[in-house]
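In: Output the structure for:
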Amino acid sequence: MRYLVLLLIVLAAASVYAVTRFRNSRNVQKRKNNVIPLDAHRRARQHSEEQPCSSCKKKNGKLIFYAQDDGTVTGLCKDCRDKARKRDMLPL
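Out: Predicted structure coming up:
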């Protein structure tokens, strides 16, 4: 009787080990491909709204981001680029 219980415990442990080993081997096969699809990212960028300039609050298209002396980041349009140069702000 004791041998039967011991045998059942060993079989249960072996089956749990086999199942976890099988699942991990399938996950490794999926992760071997290093190419990440960026289709969803590209679609999201196409539909994004324009951000307003931090200085004039106009939506003038692309912003150039600058770091201020206190560490904050500001996005300035091409028209406000001179303000950044006067304040010695560094582009990011």
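In: buried stuff in the top helix by length along the chain?
Out: When every helix of the chain is counted residue by residue (DSSP state H), the longest turns out to be helix 2-31. Counting neighbours by 16 or more other C-beta atoms under 10 Å, one finds that helix 2-31 has no buried residues. Backbone N, C-alpha and C define where each C-beta goes, glycine included.
In: Averaged pLDDT, that helix. What do you get?
Out: Helix 2-31 carries an average pLDDT of 82.
In: Residue ranges of each domain in this protein, please.
Out: In the assignment given by automatic domain parsing, the structural domains of the chain cover 1-35, 50-91.
In: Redo the ones you listed as CSV? Include distance to Arg43.
Out: Formatted as CSV, the entries for the domains of the chain read as follows, by distance: least, C-beta to C-beta, whole Å:
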stretch, distance to Arg43
domain 1-35, 18
domain 50-91, 17
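In: so what pLDDT did Leu76 get?
Out: Confidence per residue is given as pLDDT, and for Leu76 that number is 89.
In: hang on, it packs against Leu63?
Out: Yes: with the criterion set as C-beta atoms under 8 Å, Leu76 and Leu63 qualify as a contacting pair; they are 6.3 Å apart.
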